[in-house]
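Enquirer: Have a look at this prediction, sequence included:
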Amino acid sequence: MRTSFYLLPIALLASGAVQATTYLTVDQAQAQMLPGATLTQDFRQLTPAQIAAIRKDSGQSPLNDQLKAWRASDGSWFIVDEVVGKHEFITFAVTIDGGGAVRRVEVLDYREAYGSQVREAAWLAQFVGKKRGAPLALGDDIKNISGATLSSKHISDGVRRLLSTYAIVLAPGATA
Amino acid sequence: MPSSSRPAPPLERARPLLGTLVRISVELEDDAQARHAVEAAFAEIARVHRLMTFHEADSDLGRLNRAAPGLAVEVDTRTAEVLQTALAFARQSDGAFDPTVGAEAVAAGALPRPADSDAADPVADWHDVHIEGCAVRLRRKAWLDLGGIAKGYAVDRAIGVLQGHGAQRACVDAGGDLRVLGTDHAVRLRVDGSPQLPLLLIDDGAVASSGGDPSLQTPHFHAARRASLPAAHFASVTAPSCMVADAMTKIVLALGLDAARPLLQQHRAAAYAFSPRHGWRATTAIA
C-alpha cells in the first residue's frame, strides 16, 4: 500500500457541477436482471386514488404519476423508478417476482449535485502526475469519495413504495 | 490508427447494501468475466450483511444478542473473524473501540431494540465477549454491534473475490469506506468547511472516513465512552485493509490523532483529521 495526501486549492474547481454516473441503461438492466425473459412494456397512468392508496400503504408519495413497468414472460415485473435524496438523484430498477417479492435492485443512474466538484481533470492530472513522477489516468471526475456515509434509506423507501404500487396496481386481483 | 493496448473501460455497478450504496468497479479484459466477478463480489457482501446485521433476529449477531448469558452460540467463520478483530481493537485501544456498543446505540435511537431479548447489562463491555473457534459466549448480557467494522470487512471480502477472478485493477466502495486494487486511485475526502480540497492517491489500499457532516452521521458511541468531540470533527484513515481503516477512524475520533499514532503505526495505517478550529492534521506528510 502507498498513499499520498494532497490539499489542493479549491478556487480552481468548477462550482455547481453535477456528478453523474450511469451504471446500466434500461435495456442492459432488463437483459441482466431478467435473462432470457421477454419483456412487454406496460406503463400505467396512476390515478389520484391509486397515488393516495400507495401513499397510505407505504408512507411514500410517488414522484411520477406514470409507472414505468414491463411485464416479463415468466410472470415477474421490471420497474424503473427514481428517488431523490438530500443532494442525490438515483434512478433504479427493481424486479418483482410473480409472488410479489423483490428479486433484485440495481442502480441505473446516480447524479449528485454538489457545490464543489473536481472538473479540472486535465489540470489535476498534470499536478498530481508531477508530484508522483508518474502519469495518471484520471477520468472526467474523481468518483471515489470518502466522507459522511451516504444512506441507502431513500432507495429502501423507494423499493417499499414500489412493493405497495405492485400490490395496488399490478398484482393479479389488484383492486384499484 | 487502431490501438490494441487500450485497456477495457471499467465495469461499474451499484446496489443498496450494508445500509449504504455499494459501488463496485473492475477492469477485466472480458466483459462477461467482469460481470461474473462483480456479481460474485456483490453476493459475498450480501452474505456478510446477512451474517452481521443488527436488524435481523436470525443473523449471527441477532442470535448472539438474544442468547442467554453464558450460552455458547455457533457463528460463521466470517463473523468469528470480525469479532476477534473487534476485540483486538478494543484491547489495543483500551475500550475506545468496543463491539458491545449496541446498547448505547439502542438507547440513543440509532438502532432498534432487539425484540425478544432481555435488556443488556449496563456494566457489560468487550471483556465479556469470549470466542473459541466459532463458538461465541457473552459472559454478561450485551448487545453487540459490528457497524464500526463489518462494512470494512465486507469491502475486503469483495476485493478478495475480485482478485480471485483475476482482477488487478478494481474499487469496492461502501458509502465512502473503500478499497482499491492497482495504483494511483484518486479519492476525494468529503468534509464540510475545509478551505482546501483534500485528495488521496492510493495504491493497493483502503480508506475509511467518519464524521464530517453531522446531518448524515449517526451518534458516535465508541467515542462517547471516551471524550466528547466537536460535531464537525472528521477523520479519514488509510490502511492496507478496509476493516482496519474502518475501525481506526473510530479510534482516531475517540482518542485524537496523537494518542492514536502508535496504534496507527502498528497497523501500517495513516490518519487525516479535520476540524474547523485546527484545520487539517495528518500523521504523514501533506503535499
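Expert: Thanks, I have the structure now.

Enquirer: Low-confidence stretches in the chain?
Expert: Chain wasn't specified; assuming chain A. Applying pLDDT under 70 to chain A flags residues A:9-19, A:113-143, A:148-151, A:175-176.

Enquirer: Correction: the question concerned chain B.
Expert: Across chain B, the ranges flagged by pLDDT under 70 are B:1-8, B:212-232.

Enquirer: what about whatever residue of chain A ends up closest to chain B, neighbour count?
Expert: Residue nearest to chain B within chain A: A:Gly147 (2.8 Å; CB to the nearest CB). (Glycine included, C-beta is placed from N, CA and C.) Using other CB atoms under 10 Å in any protein chain shown, the number of residues around A:Gly147 comes to 23.

Enquirer: Wait, it touches B:Asp177, no?
Expert: No - the criterion here is CB atoms under 8 Å, and A:Gly147 misses it with B:Asp177 at 10.2 Å.

Enquirer: Common neighbours of those two, please.
Expert: Jointly contacting A:Gly147 and B:Asp177 under the rule CB atoms under 8 Å, 6 or more residues apart in numbering or on different chains are B:Ser209.

Enquirer: hey, what's the residue of chain A closest to chain B bridged with?
Expert: B:Arg190 (DSSP bridges).

Enquirer: Look up how far B:Ala88 lies from it.
Expert: 27 Å (CB to CB, to the nearest Å).

Enquirer: Now for the nearest residue to A:Arg160 once chain neighbours are set aside: which residues touch it?
Expert: Excluding the flanking residues, the one nearest A:Arg160 by CB to CB, 6 or more residues apart in numbering or on different chains is A:Ser58, at 5.1 Å. A:Ser58 sits next to A:Asp157, A:Arg160, A:Arg161, A:Leu163, A:Ser164, A:Thr165 when contact means CB under 8 Å, 6+ apart.

Enquirer: Which of the residues you listed fall in helices?
Expert: Among the contacts of A:Ser58, DSSP state H puts A:Asp157, A:Arg160, A:Arg161, A:Leu163, A:Ser164, A:Thr165 in helices.

Enquirer: Mind giving me the ChimeraX command for buried ones among those residues?
Expert: Restricted to buried positions by 16 or more other CB atoms under 10 Å in any protein chain shown, the ChimeraX selection for the ones in helices among the contacts of A:Ser58 reads:
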select /A:161,163,164,165
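
Enquirer: does B:Val82 really touch B:Tyr153, like I thought?
Expert: Yes - using CB under 8 Å, B:Val82 is in contact with B:Tyr153, at 5.0 Å.

Enquirer: and for these two, which residues touch both?
Expert: Common neighbours of B:Val82 and B:Tyr153 (CB under 8 Å, 6+ apart) are B:Met52, B:Met243.

Enquirer: need the helices for the chain, in chain order.
Expert: Just going to use chain A. Residue ranges of the helices in chain A, as given by DSSP H, are A:26-33, A:48-58, A:121-132, A:153-165.

Enquirer: Actually, chain B is the one I wanted.
Expert: Secondary structure of chain B (DSSP H): helices located at B:31-52, B:60-66, B:77-92, B:102-107, B:150-164, B:221-224, B:242-255, B:257-266.

Enquirer: ok, and does stretch B:153-172 reach over to chain A?
Expert: Yes - for stretch B:153-172 and chain A, the contact criterion (CB under 8 Å from any CB of the partner chain) is met by B:Cys171.

Enquirer: between the longest strand along chain A and helix A:153-165, what angle do the directions make?
Expert: Counting by DSSP state E, the longest strand found in chain A is strand A:102-113. Angle, strand A:102-113 to helix A:153-165, by axes from the mean of the first three to the mean of the last three CA atoms, to 10 degrees: 130 degrees.

Enquirer: Strand A:102-113: how far from the chain's middle?
Expert: 3 Å (CA atoms, centre = their mean, to the nearest Å).

Enquirer: buried sites along it?
Expert: Quick answer for strand A:102-113 (16+ other CB under 10 Å): A:Arg104, A:Val105, A:Glu106, A:Val107, A:Leu108, A:Asp109, A:Tyr110, A:Arg111, A:Glu112.

Enquirer: Listing partners with orientation, what would you give for it?
Expert: strand A:18-22 (antiparallel), strand A:88-96 (antiparallel).

Enquirer: highest average neighbour count across those strands?
Expert: Sort the strands paired with strand A:102-113 by mean neighbour count, taking mean count of other CB atoms under 10 Å in any protein chain shown, and strand A:88-96 sits at the top with a mean of 22.

Enquirer: who touches that strand?
Expert: Outside strand A:88-96, the residues that touch it by CB under 8 Å, 6+ apart are A:24, A:26, A:29-30, A:33-34, A:72, A:76-84, A:102-113, A:150, A:154-155, A:158-159, A:162-163, A:166, A:170, B:21.

Enquirer: pull the CA atoms of it into CSV?
Expert: Below are the C-alpha coordinates for strand A:88-96, written out as CSV (Å, rounded to 0.1, in the frame of the first residue of the first chain):
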residue,chain,number,x,y,z
GLU,A,88,-28.5,12.9,-4.9
PHE,A,89,-30.9,11.7,-7.6
ILE,A,90,-30.9,8.0,-8.2
THR,A,91,-32.7,6.0,-10.9
PHE,A,92,-33.0,2.4,-10.0
ALA,A,93,-34.6,-0.8,-11.4
VAL,A,94,-36.5,-3.4,-9.4
THR,A,95,-37.6,-6.9,-10.4
ILE,A,96,-40.6,-8.2,-8.5
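
Enquirer: what distance separates that strand from the centre of its chain?
Expert: 5 Å.

Enquirer: what's the domain layout of chain B?
Expert: B:60-138, B:183-281 (automatic domain parsing).

Enquirer: Might you calculate how far stretch B:162-178 sits from the centre of the chain?
Expert: 15 Å.

Enquirer: got it, and stretch B:280-287?
Expert: 22 Å.

Enquirer: is chain A contacted by that stretch?
Expert: Yes - legend: contact between stretch B:280-287 and chain A by CB under 8 Å from any CB is shown at B:Trp280, B:Ala282, B:Thr284, B:Ala285, B:Ile286, B:Ala287.

Enquirer: ok, now which ones touch the fifth one?
Expert: For B:Ile286, the set of contacting residues under the criterion of CB under 8 Å, 6+ apart consists of A:Phe5, A:Tyr6, A:Leu7, B:Trp280.
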